[in-house]
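In: When you get a sec, could you give me coordinates for this:
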Amino acid sequence: MLIFPSECYETCPLTIIEAFGTGLAVVASNRGAMPSMVRDRDTGVLFTAGNSESLTEKVLELHHNPSMRRFVSRNARAEFERLYTRERHYEGLLRIYQAATEERNRS
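Out: All right, here's what the predicted structure looks like:
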C-alpha cells in the first residue's frame, strides 16, 4: 500500500497516479484533490488530515483485511486504466486542442 499523508492541498499528486498504475492500495488524507482521486473504500481509503489516530486506523484496517486490500487494489488499477494511461492522456489533450481551435475559429 501507498501511504500518502500529505496535509497540503495537492492538486493532482503523481504519486497516487503511479500507485494506481501498479495496483497499490492508497491511504490518503481527505484534503485537497485526494478525495476526488481516492474514493474511500473503492480506490483506496481516506483518513482525516492531521489526525494520526485516523491514519493509523486506516492503515491497520487495510493491513488486516487482505480481501479489502485486493478489492481496492483492483479498483485502483482499473481507475488508472480508465483515466491515466498514455492513450487517455492523449485523447484528453486532443479534445482540449480541438476545443481551443474551434473557439479560435469562432472569434
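In: Could I get the pLDDT score of the residue in the chain sticking out farthest from the centre?
Out: Each residue of the chain has a distance to the centre, and by Cα atoms, centre = their mean the biggest one is for S107: 37.3 Å. For S107, the pLDDT comes out at 83.
In: For L55, see how far away M68 is.
Out: 17 Å (Cβ to Cβ, to the nearest Å). C-betas here are computed from N, CA, C, even on glycine.
In: now swap in E91 and tell me
Out: E91 is 36 Å from L55, by Cβ to Cβ.
In: More neighbours: which of those two?
Out: Set E91 next to L55 and count neighbours by other Cβ atoms under 10 Å: L55 wins out with 19 against 11.
In: quick check: longest helix of the protein.
Out: As assigned by DSSP state H, the longest helix anywhere in the chain is helix 86-106.
In: Quick one: the strands in this structure, in order.
Out: 2-4, 26-29, 44-47 (DSSP state E).
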